[in-house]
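Engineer: give me a 3D structure for the following:
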Amino acid sequence: MEMHDLRIDYVPLDAIQQHPDNANSSDMNALEESIRENGFYSPIIVQRSTGYILAGNHRWLALLREHAETAPVIYLDVDDIRARKIMLADNRTTRLGHDDEGLVYELLNEIAAGGGDIKGTGYDMDDYARLRALIDEPMGDLETIVEEATPLIPGVYEVTPVSGYDDRCFEIAISKTDGSHLTLGDLNKVRKALGLPREDAQDAEKYGIPAWSRRF
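Structural biologist: Numbers count the residues shown, from 1 in each chain. Modelled structure (predicted):
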C-alpha cells in the first residue's frame, strides 16, 4: 500500500484551483454553516504539479466566500491519471456510504438534550422531525416485511418469522442455505434488507452459530 506524504501546508487561496474535470456539486449552505459552527477541520487535497484540487473543492469555495487568505493543503505528487482516480474515488466513495437513520436520530437527540442545537451537523429541524417520525413508526407485520423484502435478501440466506411480541419487537430465525456459519456481515445484509434496526454489540458472542434466532 502506497502511503502519501500527508504534511499540511498553508497556502494562499489563489495558489490552488478547481479541477476542470470535477463533476461533483455540493450543498454550499450546509457546508458553510458547518464551517462557521465547527471550524475548518479538513485539509484540501491538491495535485502538486498542477495546483488542481482533488478533494475539498467546495471547502475551498467556502473559504473564498468567507474571504479567507490561506487554506490548509496536502500536496500529492501524482500524475494526471492518478489525480483523476483520487478525485473520482473521493466523490464516489462518499456517496456509496449510507447512514443508519436510527443512530443519526440518537446522535442528534443527544446534542439537543445536552442543551445544544443541531446547527452545523448538516441536518435541520425538519430532518430531525422526519427522523423522529420514522423512529416512532410501527414496523408492521413481520411476515409481510419478510415477504416483501425477500427479493432483496441474497439467496444464500433463509429468514423465517418465529413470533411477534409487539409492533416494534420480533423474533426471526436466520440461516445460510449451505449450512456455513453466520458472521456479522451476514446479519447486516439481512438486517438491511428487512429494514430492521442495527444489531446490539453483545450479540457478537453468537458468531459461528449456523442458525439462530434473534429479537429485533
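Engineer: in stretch 78-86, which residues are buried?
Structural biologist: Neighbour counts over stretch 78-86 (16 or more other Cβ atoms under 10 Å) mark 78, 83, 84, 86 as buried. Where C-beta positions appear, they are placed from N, C-alpha and C, glycine not excepted.
Engineer: excluding chain neighbours, what is closest to the first one?
Structural biologist: For residue 78, ignoring the flanking residues on the chain, the nearest one in space by Cβ to Cβ, 6 or more residues apart in numbering is residue 47 at 6.0 Å.
Engineer: quick one, helices of the chain?
Structural biologist: 28-38, 57-65, 80-96, 101-113, 125-136, 142-149, 184-194 (DSSP state H).
Engineer: least confident of those, on average?
Structural biologist: Taking each of those in turn, the lowest mean pLDDT turns up on helix 142-149, with a mean of 56.
Engineer: mind putting the helices of the chain in a markdown table, distance to residue 158 included?
Structural biologist: Conversion of the helices of the chain to a markdown table gives the following (distance: least, Cβ to Cβ, whole Å):
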| stretch | distance to residue 158 |
| --- | --- |
| helix 28-38 | 42 |
| helix 57-65 | 45 |
| helix 80-96 | 28 |
| helix 101-113 | 26 |
| helix 125-136 | 28 |
| helix 142-149 | 10 |
| helix 184-194 | 10 |
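Engineer: and residue 1, which of those is closest to it?
Structural biologist: Residue 1 sits nearest to helix 80-96 of all the helices of the chain, at 14.2 Å, using Cβ to Cβ.
Engineer: residue 130 and residue 28: what is the separation?
Structural biologist: 22 Å (Cβ to Cβ, to the nearest Å).
Engineer: with residue 79 instead?
Structural biologist: Here the criterion is Cβ to Cβ. By it, residue 79 lies 30 Å from residue 28.
Engineer: over to residue 75?
Structural biologist: For residue 75, the distance to residue 28 - Cβ to Cβ - is 25 Å.
Engineer: out of those two, which sits in the more crowded spot?
Structural biologist: For residue 75 and residue 28, the more surrounded residue by other Cβ atoms under 10 Å is residue 75, and the numbers stand at 21 against 12.
Engineer: what's the domain layout of the protein?
Structural biologist: 8-96, 101-136, 142-215 (automatic domain parsing).
Engineer: list the buried residues in the second one.
Structural biologist: For domain 101-136, the buried set under the neighbour-count rule, 16+ other Cβ under 10 Å, comprises 104, 105, 108, 111, 118, 120, 121, 123, 127, 128, 131.
Engineer: closest to residue 38 out of these?
Structural biologist: Distances from residue 38 to these, taken as Cβ to Cβ, are shortest for residue 120 (5.2 Å).
Engineer: and the closest one, what's its pLDDT?
Structural biologist: Residue-level pLDDT assigned to residue 120 equals 85.
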